[in-house]
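**Q** Could you look at this predicted model? Sequence included:
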Number of protein chains: 2
Amino acid sequence: MKLETALQEVSARTRAAPLVIKMHPHDNVAVVVRDGGLPAGAVVEPDVVLLEHVPQGHKVALEGLAKGDPVRRYNVAIGYALQDIAAGRWVNEHLMQMPPALGLDHLPIATRQAPASDVLEGFTFQGYRNADGSVGTRNILAITTTVQCVSGVVGYAVRRIKEELLPRYPHVDDVVALTHTYGCGVAIDAPSAPIPIRTVRNISLNPNFGNELMVVSLGCEKMQPARLLPPGSIPLANADGPDVVVLQDESHVGFMSMIEDIMATAERHLVRLNARRREACPASALVVGMQCGGSDAFSGITANPALGYAADLLVRAGATVMFSENTEVRDGVDQLTSRASTPEVAEAIIREMAWYDAYLQAGSVDRSANTTPGNKKGGLSNIVEKAMGSIVKSGSSKIVGVLSPGERLRDKGIDGGLVFAATPASDFICGTLQLAAGMNLHIFTTGRGTPYGLAECPVIKVATRSELARRWHDLMDVNAGRIADGELDIEQLGWEIFQLMLDVASGRKTWAEQWKLANALTLFNPAPVT
Amino acid sequence: MKLETALQEVSARTRAAPLVIKMHPHDNVAVVVRDGGLPAGAVVEPDVVLLEHVPQGHKVALEGLAKGDPVRRYNVAIGYALQDIAAGRWVNEHLMQMPPALGLDHLPIATRQAPASDVLEGFTFQGYRNADGSVGTRNILAITTTVQCVSGVVGYAVRRIKEELLPRYPHVDDVVALTHTYGCGVAIDAPSAPIPIRTVRNISLNPNFGNELMVVSLGCEKMQPARLLPPGSIPLANADGPDVVVLQDESHVGFMSMIEDIMATAERHLVRLNARRREACPASALVVGMQCGGSDAFSGITANPALGYAADLLVRAGATVMFSENTEVRDGVDQLTSRASTPEVAEAIIREMAWYDAYLQAGSVDRSANTTPGNKKGGLSNIVEKAMGSIVKSGSSKIVGVLSPGERLRDKGIDGGLVFAATPASDFICGTLQLAAGMNLHIFTTGRGTPYGLAECPVIKVATRSELARRWHDLMDVNAGRIADGELDIEQLGWEIFQLMLDVASGRKTWAEQWKLANALTLFNPAPVT
């Protein structure tokens, strides 16, 4: 698929507030736009009349298909007709056979030219500069934990820090306990154990925490502080080593001595964090993680194409932009490898796909385990169709780097450009891994609606449909449904999202932040528990 | 090992506050009891003088061992000498080779006679009787969630319920959101997916929640409410079906409409829960989950033997008692199969062990992935030694039933007796699975110390050493170190624990409850995430 073609196609059509949207001239299905769907008898193209009611977001056949014919959307065969399908019929998952997964052996490697586009200069946001050169969009004290055992105690301490200390440090935005379910009762020497370990480590080094590292450990856990944060991984602000409170230390007599120790340690960091101020930083300091969840057929028509346009703007401004979700790119891996900037990047993409194929197979499933009841209700028949709409949000830039789960951009020397951060598609695992990569701004598109949020990083939420944006008016930050309504085009919304990103990075609160809606960190641990 | 022999042995020795403890007459090592360990030159037996300092909890050779000789503790070969070891030397993990795992093919099946012991009658506690015949030890409103997406919203609602509603319903102990990381972004049709699904379902039916079931769902998630709670699984109190709040429902306009809907639904249940009162219930209504975590060499000398004695008392009183932790019984599987009440029970034990062996092997590890730095520091050289000390807490009763992870005792028709609930040893996963089984009282022994707690069920914590009990005086509920100190014997502490269980079941608060220390539910999901 040529994205530019699709964009133009959509733009041209959406200005007229169409009944249906066709993503590419070669497509033989189109998606119903109208709230409530369209009734039998509706004329959707000059020579196509609906033969039955088709719900919003679902596909209608624009021409007659014979059994075995490809069903084309995004100029990709998203399935094969299981029976003859007349023009005007509702094409849903029951009428389509899913194509097999693309092989990983003969993919196009770094064949695609990058689109010609100017460098964007002069765009800035107000951020917190860190000693290591990274920039935070929030000024947060994070308390790293080595094991779930300490989470109750840390939770108690954080409540008291918020009540008793934080009011005295008004330039600090929040205090967040980085709790998780790893650290003990796990196979910590298993081959894939480095994934969760480096994830916790790298989250603790996220730019939004100002390089101020403090750790609460139990003492007897498998993930010892020195294993979590080996020499060399400690930031400059901890010149004397990491601040570690060990609950089992003999110095702790009684519960309150633990709480007081954590609070006193926290206050040392609060003093330093409170002295910081926002200052003008180039847009190139943004590290944006993109995700979609609760997707519908509009995800790939409105929100994700606009996000793709914004991603291109970010890349042109020198920022780093991550897209992820292995199962949602697997069926478009050829698009990714062809857009790789070098053969090495393409090989890394293939390696991640192969690893994930094997991981799923070990659990006796495959990529089709992705797609939810809500996806299908929203018109996405299978993972191929979902993937095509998901990849669109990566825009059209070359892919300059690949991260394995839990890896950190800075450790790979990546600073700027479009990056494929290989993660599961689970919203929470993907968000957690993007935090570990170094994300300082998160953007999330949704068609069905989710109140997703993170305590560690602002999350901008984009609704794919106006009906959702209206109903969830105080949860959705952007209404991409205006594209389907013909109110504005993809380029316009792309610029709007780009500008909103700079505003939110500068301190403007998202709806999730206003309500303090935050989901728990969720580690990706492919290794056994014990 | 004959437990009775060990108990007598320990009892006889502990009354004299010994320097070392030998668990069985045939053992060739003993464990140092004294705080701070014992110095070179200390005389620990008439003809055994320490050749070096041996830390507390660690083993001293009572006789000379030749390379290859078994190191015997609990009358079991916990390892084989890697070199000649002189009497009086410190025997640690560096001097021992771990034995291979027991084969699962030729185990003794239901060979052991149950110990002769009278039925205990007349013991009662003050509990909350449920319509389904179960009894709660707490009166809690639980809010079940189908997916992590809703947890931020549910957390917001729970804070408001606690502030605005709970004060008007003083007979309700607490409101708890049953949040977790499952529900979407998971391979929900994978062969092992039923484990996490039934775990969430069965926790929502825990006796401490009074059969009052309410659910918050997003709408588009994979674990749909009807999949989580199919017809037939809904308790009587929900005669009109489960109360499900679906955030994506069209009736919800704005965030506050979601909050108000959850609060109104919660209040209907609070009214009914608030009308309940504690009443005398037989001890047979107790469903006790036993666990140990942060273990040391004293776990198997003081706390776990006393807990084993209490477990026997509970069984004699008709209660149901669960022990768990696959990797901590694997090396004593022969003890379990021989104590099975029927060949079917023994076969179920073997099946669970084989399944877990395969699960670990799929991740390229084995049972030796259990044991932590803290275990080793505390004197436990390997998983064999740890397992022997862990199994002791099951007492001497016959094993009358086996649960697979996430299964519910009532669904298996089990009411009374000792049950092996197969779970990973991870404290949080084990506790979560025991909650799903129907646990209404939890008891947890620890040598290194952990502030573990659950919001769903009281957790009695038992320290294995007096030094820990003194230092963590407001976190440990019982000091089993008094056994090693010679202050009381195992039987006395067993009775004390039994009585404390009845008190806590009747409403007496544990330390974890007083501080409101609670760890997150942690599901066992052996299937892939997507």
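**A** Received, thanks.
**Q** Tell me who's in contact with the nearest residue to residue A:300 once chain neighbours are set aside.
**A** Nearest in space to residue A:300, with sequence neighbours left out and distances taken as C-beta to C-beta, 6 or more residues apart in numbering or on different chains, is residue A:389 at 2.1 Å. No exception for glycine: its C-beta is placed from N, CA and C like everyone else's. Residue A:389 is in contact with A:74, A:295, A:297, A:299-301, A:304, A:380, counting by C-beta atoms under 8 Å, 6 or more residues apart in numbering or on different chains.
**Q** Inside strands: which ones of those?
**A** Under the assignment DSSP state E, the contacts of residue A:389 contribute nothing to strands.
**Q** Out of these, which is nearest to chain B?
**A** Nearest to chain B among the contacts of residue A:389: residue A:295, at 8.7 Å, using C-beta to the nearest C-beta.
**Q** Next one: that closest one, what pLDDT does it get?
**A** For residue A:295, the pLDDT comes out at 89.
**Q** surely it meets residue A:387?
**A** No. Residue A:295 is beyond contact range of residue A:387, at 10.2 Å (criterion: C-beta atoms under 8 Å).
**Q** Point me to the residue of the stretch 151-300 of chain A nearest chain B.
**A** Residue nearest to chain B within the stretch 151-300 of chain A (C-beta to the nearest C-beta): residue A:220, separated by 1.9 Å.
**Q** Can you classify that residue as helix, strand or coil?
**A** Recorded secondary structure, residue A:220: coil (DSSP: H, G, I helix; E, B strand; the rest coil).
**Q** is it true that residue A:496 lies in a strand?
**A** No. When classified by three-state DSSP, residue A:496 is found to be helix rather than part of a strand.
**Q** Get me the contact residues on the stretch 401-530 of chain A for chain B.
**A** A:424-429, A:448-453, A:471-475, A:511-512, A:515-520, A:522, A:524, A:526-530 (C-beta under 8 Å from any C-beta of the partner chain).
**Q** what number of residues lie near the closest residue to residue A:88 other than its chain neighbours?
**A** Closest residue in space to residue A:88, ignoring its immediate chain neighbours: residue A:51 at 4.2 Å, by C-beta to C-beta, 6+ apart. For residue A:51, the neighbour count with other C-beta atoms under 10 Å in any protein chain shown is 16.
**Q** Give me the phi and psi angles of residue A:51.
**A** Dihedral pair for residue A:51: phi -90, psi -10, per degrees, to the nearest 10.
**Q** again, but for the one 3 residues further on
**A** Dihedral pair for residue A:54: phi -120, psi 120, per degrees, to the nearest 10.
**Q** coming back round to it: next, the contact list for the residue nearest to residue A:88, please.
**A** With C-beta under 8 Å, 6+ apart, residue A:51 has these contacts: A:40, A:86, A:88-89.
**Q** what's the helix or strand for the residue nearest in space to the middle of chain A?
**A** In chain A, the residue lying closest to the centroid (C-alpha atoms, centre = their mean) is residue A:291, at 2.6 Å. Per DSSP states H and E, residue A:291 falls inside strand A:287-292.
**Q** From the contact counts, what lies against that strand?
**A** The contact analysis (3 or more C-beta pairs under 8 Å, 6 or more residues apart in numbering or on different chains; DSSP states H and E) places strand A:287-292 against helix A:304-316, strand A:320-323, helix A:427-437, strand A:441-446.
**Q** rerun at 10 Å
**A** helix A:304-316, strand A:320-323, helix A:383-391, strand A:417-421, helix A:427-437, strand A:441-446, strand A:459-463, helix A:490-505 (3 or more C-beta pairs under 10 Å, 6 or more residues apart in numbering or on different chains; DSSP states H and E).
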